[in-house]
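Student: with the sequence up front, the predicted model follows.
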Amino acid sequence: MEYTLSKIATNDGHGENSAFFDGWKAYDSDPYHPTKNPNGVIQMGLAENQLSFDLVQEWVKKNPKASICTNEGVDDFKEIAIFQDYHGLPEFRNAVARFMERVRGNRVRFDPNRIVMSGGATGAQETLAFCLADSGDALLVPTPYYPGNDRDLTWRTGIQLLPVVCESSTGFKITREALETAYKKAQDSNIKVKGLLLNNPSNPLGTTIDKQTLTESLTFTNEKQIHLICDEIYSATVFDQPGFTSIAEIFEENPKSYNPNLIHIVYSLSKDLGFPGFRVGIIYSYNDTVTNCARKMSSFGLVSTQTQHLIASMLSDDEFVDRFIPESAKRLAKRHEILTRGLAQVGIGSLKSNAGLFCWMDLRRLLKEATFEAEAELWRMIIEDVKINVSPGAPFHCSEPGWFRVCFANMDDEAVRVAINRIHEFVMIVQTKKQRYIRRGKLEVSLSFRRLDEIMMGSMKMSSPHSPMSSPLVRAMT
Ligand SMILES: Cc1ncc(COP(=O)(O)O)c(C=O)c1O
């Protein structure tokens, strides 16, 4: 029987076929394990925070009442299991509001009655997009940006994202000029711009947005009478100076200067606490209509009351929160230092960063030429030969080829050490190859960059036993 499906069901709006997700598939089919699969793919494409789980587990053991499936907590089981009000448990909204304040150094206040739940930041972004824009309208987004935005904000809503081009020469800073250029371009194409989406701290840059840039951005959106959405999912994942400034602070410092109806914050516990599986997302809007509408829409992505109950207990434990946030930052700082120092030892730079679960690695000098095709080729080599899944800049809409995001908090110390060793070896091989390429001139253009065989054979002597580059598989592939 002939049948057709909807445009949403048959279009590619999910983005599953991009290099961003390809790398995950490569990891899934051959995951690294120190003893069972030492030549497998090391996953450095996943922005997960696994460095402080011992603290969480310790808390869970000490607080059996927080779980309703224990002897101590079972008396609450029925009440929690039947609660279905989409406003959420009052204790959950209170605890989340207080936690968000604590993360912002108690410099701002959040009203628990404005806390709206969603299925992670993913659901929060889409809900806001539905509330703020119609199909065909656009949001401006500074580049590079988190690839999931394309799925979360555009796939089902039909809105579009337009890049605000930021460049490495200014440390990818968002400038008024870049904002105006993107806005004008949209106007020239008759596209209605409904807002600006900022991600602070930034994924993939790993940097916090400074106060001046935040103020300029808010002034820009206020002047244009468009919305400002701030995705602050990494607000407590800041491990070095300068600290984090929330858009809530900029607004509260000068509340009369800005229209509150245009300001919205997205938050989630996926990164700061490392709980992406719990799907705790938050929309905090200063606009009453948006808050009400988003709350009604939250019926499509509520957080389970069991999770709300647990999170309410955990986040209202000041002692736990006061220990967790600085300790997590300390561990992230250490891991960041190990990775960036390891990269620097072979001359690989990365954007100076102070936040997030990744660094923005600069491999421009390893590109055969400054194109996104060359970037894709280099990425394939890294995934297939070096067996590390890092994410190339193209899916992040980076305007310059050669930048890669490397996640560092989803693995243990040993895996990081192995990854750094592999990168060291790889850089030496590629440099040799590139020198030959340059020496031989244009005739070499047709020679595949992946044909590393003779160079690799030469370098086998220095390969570590854990190097996939010395494996028969790689030799057969090259
Ligand atoms: C900037 C940014 N926003 C949103 C998300 C989605 O987070 P969640 O797991 O809460 O849906 C992510 C996840 O990587 C992210 O990095």
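Tutor: Good, I have the coordinates.
Student: how far out from the middle of the chain is stretch 169-176?
Tutor: Distance, stretch centre to chain centre, for stretch 169-176: 19 Å (Cα atoms, centre = their mean, to the nearest Å).
Student: and that stretch, end to end?
Tutor: For stretch 169-176, the first and last residues are 16 Å from each other (Cα to Cα, to the nearest Å).
Student: likewise stretch 365-377?
Tutor: End-to-end distance of stretch 365-377 (Cα to Cα): 14 Å.
Student: thought P276 was touching G120?
Tutor: Yes: at 6.9 Å, P276 counts as touching G120 under the criterion of Cβ atoms under 8 Å. Backbone N, C-alpha and C define where each C-beta goes, glycine included.
Student: residues that sit against both of those two, list them.
Tutor: S270 (Cβ atoms under 8 Å, 6 or more residues apart in numbering).
Student: out of the two, which sits in the busier spot?
Tutor: With neighbours defined as other Cβ atoms under 10 Å, P276 and G120 compare such that G120 has more, 24 against 18.
Student: tell me the spacing between F251 and D240.
Tutor: Here the criterion is Cβ to Cβ, to the nearest Å. By it, F251 lies 25 Å from D240.
Student: who has more neighbours, those two?
Tutor: F251 (24 against 16).
Student: so the more buried one is in which element?
Tutor: For F251, the element it lies in under DSSP states H and E is helix 247-253.
Student: report all helices and strands that that helix contacts.
Tutor: Helix 247-253 is packed against helix 211-224, strand 263-268, with contacts defined by 3 or more Cβ pairs under 8 Å, 6 or more residues apart in numbering; DSSP states H and E.
Student: of the ones you listed, flag the one that's most buried.
Tutor: With neighbours defined by mean count of other Cβ atoms under 10 Å, none of the helices and strands packed on helix 247-253 is more surrounded on average than strand 263-268, at a mean of 26.
Student: mind listing what that one pairs with, with the direction of each?
Tutor: Applying DSSP bridges, strand 263-268 is found paired with strand 227-231 (parallel), strand 280-285 (antiparallel).
Student: how about TSV for the ones you listed, with mean pLDDT added?
Tutor: As requested, the strands paired with strand 263-268 are exported to TSV (pLDDT from 0 to 100):
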stretch	mean pLDDT
strand 227-231	98
strand 280-285	98
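Student: let's have those strands in JSON lines, adding mean neighbour count and distance to the ligand.
Tutor: Shown next, in JSON lines, are the strands paired with strand 263-268 (neighbours: other Cβ atoms under 10 Å; distance: least, Cβ to the nearest ligand atom, whole Å):
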{"stretch": "strand 227-231", "mean neighbour count": "26", "distance to the ligand": "5"}
{"stretch": "strand 280-285", "mean neighbour count": "26", "distance to the ligand": "5"}
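Student: and of the ones you listed, who's closest to S6?
Tutor: strand 280-285 (25.2 Å; Cβ to Cβ).
Student: which ones are touching the residue of the stretch 1-150 of the chain found nearest the ligand?
Tutor: With Cβ to the nearest ligand atom as the measure, G120 is the residue of the stretch 1-150 of the chain nearest to the ligand, at 2.6 Å. Contacts for G120 were tallied using Cβ under 8 Å, 6+ apart; they are 268, 270, 276, 279-281, 301.
Student: centre of the chain to the host helix or strand of R422, how far?
Tutor: Element membership of R422 [criterion: DSSP H and E] is helix 413-440. Distance, stretch centre to chain centre, for helix 413-440: 26 Å (Cα atoms, centre = their mean).
Student: which helices and strands does it pack with?
Tutor: strand 42-43, helix 318-344, helix 372-381, strand 388-389, helix 453-459.
Student: do that again at 6 Å, thanks
Tutor: Applying 3 or more Cβ pairs under 6 Å, 6 or more residues apart in numbering; DSSP states H and E, one finds that helix 413-440 contacts helix 453-459.
Student: what does the stretch 201-350 of the chain have sitting close to the ligand?
Tutor: 203, 231, 233, 268, 270, 276, 281 (Cβ under 6 Å from any ligand atom).
Student: next, format the residues you listed as CSV and append distance to V116.
Tutor: Formatted as CSV, these follow (distance: Cβ to Cβ, whole Å):
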residue, distance to V116
N203, 22
D231, 15
I233, 15
S268, 12
S270, 16
P276, 19
G281, 9
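Student: gap between the residue of the stretch 1-150 of the chain closest to the ligand and D322?
Tutor: To D322, G120 is 25 Å away according to Cβ to Cβ.
Student: quick revisit: let me see the residues that make contact with the helix holding F251.
Tutor: Contact with helix 247-253 is made by 107-108, 214-215, 218, 230, 258, 263, as judged by Cβ atoms under 6 Å, 6 or more residues apart in numbering.
Student: hmm, 8 Å instead?
Tutor: By Cβ under 8 Å, 6+ apart, helix 247-253 touches 104, 107-110, 198, 200, 211, 214-215, 218, 228, 230, 232, 258, 260, 263, 265, 286.
Student: hang on, T289 in a helix?
Tutor: Yes: assessed by DSSP: H, G, I helix; E, B strand; the rest coil, T289 belongs to a helix.
Student: follow-up on the earlier one: next, the buried residues of the helix holding F251.
Tutor: 247-248, 250-251 (16 or more other Cβ atoms under 10 Å).
Student: how's this structure carved up into domains?
Tutor: The record assigns the chain these domain ranges, following automatic domain parsing: 7-48+326-477, 83-316.
Student: does C230 really touch H264, like I thought?
Tutor: Yes: here C230 reaches H264: they are 7.3 Å apart, a contact under Cβ under 8 Å.
Student: G195 should be in a strand, yeah?
Tutor: Yes: per three-state DSSP, G195 lies within a strand segment.
Student: can you check the pLDDT for it?
Tutor: pLDDT, G195: 98.
Student: which residues does the residue nearest to it when sequence neighbours are not counted contact?
Tutor: Of all residues not flanking G195 in the chain, H227 sits nearest, at 3.4 Å (Cβ to Cβ, 6 or more residues apart in numbering). Going by Cβ under 8 Å, 6+ apart, H227 touches 132, 139, 194-196, 221, 262-264.
Student: can we see that at 6 Å?
Tutor: Counting by Cβ under 6 Å, 6+ apart, H227 has contacts 132, 195, 262.
Student: likewise A294?
Tutor: Applying Cβ under 6 Å, 6+ apart, we find A294 in contact with 116, 127, 131, 283.
Student: 10 Å instead, please
Tutor: Neighbouring residues of A294 by Cβ atoms under 10 Å, 6 or more residues apart in numbering: 114, 116-118, 124, 127-128, 130-132, 264, 283-285, 287.
Student: tell me the buried residues in stretch 136-150?
Tutor: Using 16+ other Cβ under 10 Å as the test for burial, stretch 136-150 gives 137-150.
Student: is that stretch anywhere near the ligand?
Tutor: Yes: counting by Cβ under 6 Å from any ligand atom, the ligand is contacted by stretch 136-150 at 146, 148.
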